[in-house]
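1. Would you be able to build a 3D model of this:
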Amino acid sequence: MFGSLANMQPRQLAAQVLQFALVLSTAFMLWKGLSVVTDSGSPIVVVLSGSMEPAFQRGDLLFLWNRRQETQVGEVVVYNVRDKDIPIVHRVIRRFGGGSKPLQLLTKGDNNAADDTELYARGQSFLDRKKDVVGSVAGYVPYVGYVTILLSEYPWLKTAMLVFMALTVVLQRE
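-> Got it, this is the predicted structure:
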C-alpha cells in the first residue's frame, strides 16, 4: 500500500492531495451553505442522550430551522447553555413575552421529571430566544448520528477513519 505511494510521481501525488482537500472544502462549504439557508450556526445536530425519548432516540440526526422567531409551546428546540459547548434538544413548555418584548422560553426533556432551569447558566431562569436557541427541529433521520457518537466516545476511531479516507483518496488510481 505504501509502496504505491512512494512510486507516485510528485505531480500525481500533488493532484491526489488536492483532490482530498477538495473533498474536505466541499463538505465545509455545504455546511456553511446550510447554515446560511437555515439561519442556524449548527443546522444539523445529533441527539446525545435519552432525555427526549420517545420523540427522539439517542443517535437521531436532527435538521434545524431558525428562520421563524416565534417559537410555540410544544415545539422542540435546540439550545446552547451560555459558556458551554454541548447543544441540548428539549421541548418548549412555557413562553413569556413575544411581540415587542423579548421572547423567553422554558424547556424540558420529554423523558425528564423537571424543567431545564437547573441546566441553564447560573442566574438564568429562561432561555432568550434570540441568544440561546440554535433552531427548531424541522425533521430527523433515526439513528444516523450514531457515527458521530462513536467518533466522540472513541477518539482513536476518528483518527483511523481520517487516515483511511486520506489513504483511499491518495492511493486511488485514475
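2. ok, longest helix in this protein?
-> Across the chain, the longest stretch assigned as helix under DSSP state H is helix 10-38.
3. Quick check: buried residues in that one?
-> For helix 10-38, burial by neighbour count (16 or more other CB atoms under 10 Å) applies to Q16, F20, S35, T38. (Glycine included, C-beta is placed from N, CA and C.)
4. Please determine how far the third one is located from G98.
-> The gap separating S35 from G98 is 25 Å, by CB to CB, to the nearest Å.
5. tell me what the longest helix of the chain is packed against?
-> Here helix 10-38 touches strand 61-65, helix 155-171, going by 3 or more CB pairs under 8 Å, 6 or more residues apart in numbering; DSSP states H and E.
6. Find the centremost residue of the chain, please.
-> V45 (2.7 Å; CA atoms, centre = their mean).
7. Now do the longest strand along the chain, average pLDDT.
-> Assignment by DSSP state E gives strand 87-98 as the longest strand of the chain. Strand 87-98 shows a mean pLDDT of 93.
8. before we move on, what about stretch 117-127?
-> 91.
9. Would you work out how far apart the start and end of it are?
-> Stretch 117-127 has an end-to-end distance of 9 Å (CA to CA, to the nearest Å).
10. and what of stretch 42-61?
-> Length of stretch 42-61, first residue to last, CA to CA: 12 Å.
11. For that stretch, which outside residues touch it?
-> For stretch 42-61, contacts defined as CB atoms under 8 Å, 6 or more residues apart in numbering pick out 31, 34-35, 37, 62-64, 76, 78, 86-91, 109-112, 134-135, 137, 140-146, 148-149.
12. Ends of stretch 43-60, what's the gap?
-> Termini of stretch 43-60 sit 14 Å apart (CA to CA).
13. in that stretch, what's buried?
-> Quick answer for stretch 43-60 (16+ other CB under 10 Å): P43, I44, V45, V46, V47, L48, S51, M52, F56, R58, G59, D60.
14. Which pair of those residues spans the longest distance?
-> Farthest-apart pair in the buried residues of stretch 43-60 is P43 and S51; separation 21.2 Å (CB to CB).
15. So, low pLDDT: which residues of this protein?
-> Residue ranges of the chain with pLDDT under 70: 1-8, 173-174.
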